[in-house]
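Can you look at this prediction? I've put the sequence above it.
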2 protein chains.
Amino acid sequence: MAKRDRARDGMPRLEQQLCFAIYQVGHAFNRAYRPILAALGLTYPQYLVMLVLWEQDGLTVKELGERLMLDSGTLTPLLKRLEGSALIRRERDARDERQVRIHLAEKGEGLREQGRCVQEAVGEALGGTAGDAGRLRDQLGLVRDALLASSRDG
Amino acid sequence: MAKRDRARDGMPRLEQQLCFAIYQVGHAFNRAYRPILAALGLTYPQYLVMLVLWEQDGLTVKELGERLMLDSGTLTPLLKRLEGSALIRRERDARDERQVRIHLAEKGEGLREQGRCVQEAVGEALGGTAGDAGRLRDQLGLVRDALLASSRDG
DNA sequence: GTTATTTAGATTGTGTGCAATTAGATTGTC
DNA sequence: GACAATCTAATTGCACACAATCTAAATAAC
């Protein structure tokens, strides 16, 4: 960390911290997505679940959780809300009754087309700003992996 | 967006989206900070509030909210918890009684030293991975500003 | 085949986050 | 001074997010 990143007393400056930059841009993304997704009756985490299901149907709750980094305490109520909106069905696996498999319902399948437009809208909001979005995304992936590794190892 | 970023059906792949990368790395940061901050009895947003106050004491709720991108619905209960832990005091401004000014309490002042170590610990967790953290941070700032601008303009 | 362990989800409790509303104070205008 | 418009916090309601715990089912060990 460079010298200018700290106040005279050695306390790191809020504006200079990577974690805070990520905290803020996460909020900004949420705000950008909110009005767009509200038109589909989805929140951002719900939209992520739908994105996964549009890619691959019939996943278990655990598999969904692994892709999204969410546990059952978050997913169970979220999935129940999506089921309440008739976008998905929750069905217990016949072979292993511990597992619950999530399937797209007709209405959820029908939302796929509208989902396609969401990215266009957010892409517009980004404009050309994130010029090399791919590179940025890859760097963030490295940061994520380093943090997760150290969380696991203690 | 490059061609490889989309499935055959034109649906953008989850793993390829910048917003998802940020969503995930935000989670990862939270997990990395949680055990470290738990030792101080703080959550990550509470730590952010303390960081701001260590930099400048006596801010109003509105000013805190502007720096952290949080509104009173989030800050009011959070600040009440910090007051409950005797880290801060909430005092209504004598000149403008609509405002509530937040001051460090003795215990909150005393936490400053321990707060200094938090960044070191997270820095270690990052390792050398975020080689050019400054550059990454600046790019994220641009993304944030673009999103906020488009949110404002509609 | 019975018991112990592991696994998958659900539940509970605490803490953000934000939209919408409300309450109280201040400012501007007459 | 009266009163409307504006401003600041607080409140309420809903939706994540996660730790800790619980239940039921599957698997391993014997």
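Structure received.

So which residues of chain A form strands?
Using DSSP state E, the strands of chain A run over residues A:59-60, A:88-92, A:100-104.

Would you reformat these as TSV and include mean pLDDT and mean neighbour count?
Just so you know, the C-beta spots here come from the backbone N, C-alpha and C atoms, and that holds for glycine as well. Shown next, in TSV, are the strands of chain A (pLDDT from 0 to 100; neighbours: other CB atoms under 10 Å in any protein chain shown):
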stretch	mean pLDDT	mean neighbour count
strand A:59-60	98	18
strand A:88-92	98	15
strand A:100-104	98	18
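
Let me know the pLDDT of residue A:131.
Looking at residue A:131, its pLDDT reads 62.

What parts of chain A come near DNA strand C?
Residues of chain A lying close to DNA strand C by CB under 7 Å from any atom of the strand are A:27, A:30-31, A:34, A:60-62, A:65, A:72-73, A:75-77, A:79, A:90, A:96, A:98-101.

So among those residues, which ones count as buried?
Among those, those classed as buried by 16 or more other CB atoms under 10 Å in any protein chain shown are A:27, A:30, A:31, A:61, A:65, A:75, A:79, A:100, A:101.

So which of those residues is the closest to residue B:111?
Taking CB to CB as the measure, residue B:111 lies nearest residue A:27 of those, at 25.1 Å.

so how far is residue B:84 from residue A:95?
The gap separating residue A:95 from residue B:84 is 50 Å, by CB to CB, to the nearest Å.

can you check residue A:27 too?
With CB to CB as the criterion, residue A:27 and residue B:84 are 25 Å apart.

Relative to DNA strand D, which residue of chain A is the closest?
Residue nearest to DNA strand D within chain A: residue A:73 (2.8 Å; CB to the nearest atom of the strand).

which residues touch residue A:118?
A:33, A:36, A:37, A:40, A:47 (CB atoms under 8 Å, 6 or more residues apart in numbering or on different chains).

can you do 7 Å?
Counting by CB atoms under 7 Å, 6 or more residues apart in numbering or on different chains, residue A:118 touches A:36, A:37.

do the one 3 residues further on as well
Neighbour list for residue A:121: residue A:36 [criterion: CB under 7 Å, 6+ apart].
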